[in-house]
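Colleague: take a look and give me a structure for this.
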Amino acid sequence: MLLAIDTSAGSAVSVVDRDRGVLAEASVADTMRHAEVIGSLIRECLDASGVAVSALSGVAVGMGPGPFTGLRVGIAAARAFALGAGKPVIPVVSHDAIAFEKYRDGAHGGLLVVTDARRRELYWSAYVGVDDVGLPLREDGPGLAKPDDVPHAGLARFDAATVSAGALGMLAESLYAHGRPFAGEEPLYLRSPDVTLSTGPKRVNS
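Modeller: Numbers count the residues shown, from 1 in each chain. I've put the predicted structure just below:
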């Protein structure tokens, strides 16, 4: 069983089981309140599922692509929870979870997953279908582009406003069950944060 967390769009948390599916899921669509709601969403899902922390195998977390401020909240929460529980962190590409859910719901062939990157830009990932065990095959991306410059115009496009933590958790379970690699450890911000720390000395005016 896994606790799954994603804050690449809104804030979403789920508890999933490889055999029983999604046991509990909760989300808040607001993209400005990640830090305020993530703790309560975790508690809500654990309570609703009736799963003890000790029974979890790990914590799956969406690594983006996503805006810096929101995405880092979910990753930090997942790492802190996993450290306290003595469980591993399982990184998953958030767009892969969207594609996994779409294909599981009946989509087939090429698929272009698109999410809002703000600043009048979009995140995108291109998929060519699924493999022999139903896992999405990402051909290109994740990438960042202006709306008119998003590639792969010939693919069926899906603009997602949210990422299902349930789908992300079940994807992580499937990746593990079939010996497929997880995502990398680095968050997929795809651009620099809005605020950067100054590396030089402060100038003091008298």
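
Colleague: for the protein, which segments are assigned as strands?
Modeller: Taking DSSP state E as the test, the strands found in the chain are 2-6, 11-17, 21-28, 58-62, 89-92, 111-118, 121-130, 136-145, 156-159.

Colleague: and the third one, average pLDDT?
Modeller: Looking back up the chat, that one is strand 21-28. The average pLDDT within strand 21-28 is 97.

Colleague: cool, the fifth one as well?
Modeller: Averaged across strand 89-92, the pLDDT comes to 98.

Colleague: residue contacts, residue 73?
Modeller: Going by Cβ atoms under 8 Å, 6 or more residues apart in numbering, residue 73 touches 7, 11, 34-35, 38. Placement of C-beta: from N, CA and C, glycine included.

Colleague: longest helix in this protein, please.
Modeller: helix 68-85 (DSSP state H).

Colleague: give the buried residues for that helix.
Modeller: 68-78, 81-82 (16 or more other Cβ atoms under 10 Å).

Colleague: dump the C-alpha coordinates for it into CSV.
Modeller: Output of helix 68-85 as CSV, limited to C-alpha atoms (Å, rounded to 0.1, in the frame of the first residue of the first chain):
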residue,chain,number,x,y,z
PHE,A,68,8.1,25.7,-8.4
THR,A,69,6.1,26.9,-5.4
GLY,A,70,3.3,24.4,-5.5
LEU,A,71,5.4,21.4,-6.6
ARG,A,72,8.0,21.7,-3.9
VAL,A,73,5.3,21.6,-1.2
GLY,A,74,4.1,18.1,-2.2
ILE,A,75,7.7,16.8,-2.6
ALA,A,76,8.7,18.2,0.7
ALA,A,77,5.6,16.8,2.4
ALA,A,78,6.2,13.4,0.9
ARG,A,79,9.9,13.3,1.9
ALA,A,80,9.1,14.5,5.4
PHE,A,81,6.3,11.9,5.9
ALA,A,82,8.5,9.1,4.5
LEU,A,83,11.4,10.0,6.7
GLY,A,84,9.2,10.1,9.8
ALA,A,85,7.6,6.8,8.9
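
Colleague: run the chain-centre distance for that helix.
Modeller: Centroid separation between helix 68-85 and its chain, computed with Cα atoms, centre = their mean, to the nearest Å, is 12 Å.

Colleague: so that helix versus strand 58-62, what angle?
Modeller: Angle, helix 68-85 to strand 58-62, by axes from the mean of the first three to the mean of the last three Cα atoms, to 10 degrees: 180 degrees.
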